[in-house]
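J.: Below are the sequence and a predicted model; questions follow.
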Amino acid sequence: MPEARLLDVNGERHTVFVDADTPLLAVLRNDLALNGPKYGCGLGECGACMVLVDGAAARSCVLPASAVTGRRITTLEGLAPPGQMHAVQRGFVEGQGAQCGYCLNGMIIRIAALLDAVPDPSDIEIREALRHNLCRCGAHLEILDSVRAAIRIAKDDRA
């Protein structure tokens, strides 16, 4: 039976009426029209659906909406103020880290969480952070270049 749930998404409060086990991804895409998180595998294995929950990367396709009530959810659309791009987004543009682009949401969200925790990660830390984010196009080298560009851009932004 659908119940009212209060969600804090990208700094805005939304009341949605969904069942407790409705995946957060379905709420974000269907009820809130946020298309950054993608439906990839539906099993929490590819990373295309990633969002930040209280600053930590989470797979929204397997996360029930009831588990995030009252928590701070950030999607790709909310990483930066309107009309601006987050350092990681700018890094992916500069590094041309996309082919089809389907994986980008998860890659960008995961790296944004990493850079919040570790502002200057090593290549090993970057690879470890992305090891469960799949890119079926094989743009892995460009993605790593994009992350390095994002690290540099974030450093410049802090200076």
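T.: In hand now; what should we look at?
J.: can we go C-alpha only for contacts and neighbour counts from here?
T.: OK.
J.: tell me the centre residue of this protein?
T.: What sits nearest the mean C-alpha location of the chain, by C-alpha atoms, centre = their mean, is residue 109, with 2.9 Å.
J.: Please, which helix or strand holds that one?
T.: Per DSSP states H and E: residue 109 is located in helix 104-117.
J.: Keeping just the C-alphas, turn the very next helix or strand once past that helix into PDB.
T.: Downstream of helix 104-117, the next assigned helix or strand under DSSP H and E is helix 123-130. C-alpha atoms of helix 123-130 as PDB (Å, rounded to 0.1, in the frame of the first residue of the first chain):
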ATOM      1  CA  ASP A 123      45.600   5.800  -9.200                       C
ATOM      2  CA  ILE A 124      45.100   2.700  -7.100                       C
ATOM      3  CA  GLU A 125      42.400   4.500  -5.000                       C
ATOM      4  CA  ILE A 126      40.700   5.700  -8.200                       C
ATOM      5  CA  ARG A 127      40.700   2.200  -9.700                       C
ATOM      6  CA  GLU A 128      39.400   0.700  -6.400                       C
ATOM      7  CA  ALA A 129      36.600   3.300  -6.200                       C
ATOM      8  CA  LEU A 130      35.500   2.500  -9.800                       C
END
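J.: pLDDT score assigned to residue 9?
T.: Reading off the confidence values, residue 9 has pLDDT 98.
J.: ugh, wrong one, residue 51
T.: 98.
J.: That one: what secondary structure?
T.: At residue 51 the chain is in strand, as set by DSSP: H, G, I helix; E, B strand; the rest coil.
J.: Which residue ranges of this protein form strands?
T.: Ranges of strands in the chain, per DSSP state E, are 3-9, 12-18, 50-53, 56-59, 72-74.
J.: which of those strands sits most buried?
T.: Most buried of the strands of the chain, by mean neighbour count (mean count of other C-alpha atoms under 10 Å): strand 50-53, with a mean of 26.
J.: other SSEs contacting the longest helix along the chain?
T.: Taking DSSP state H as the criterion, the chain has its longest helix at helix 140-158. Here helix 140-158 touches helix 87-94, going by 3 or more C-alpha pairs under 8 Å, 6 or more residues apart in numbering; DSSP states H and E.
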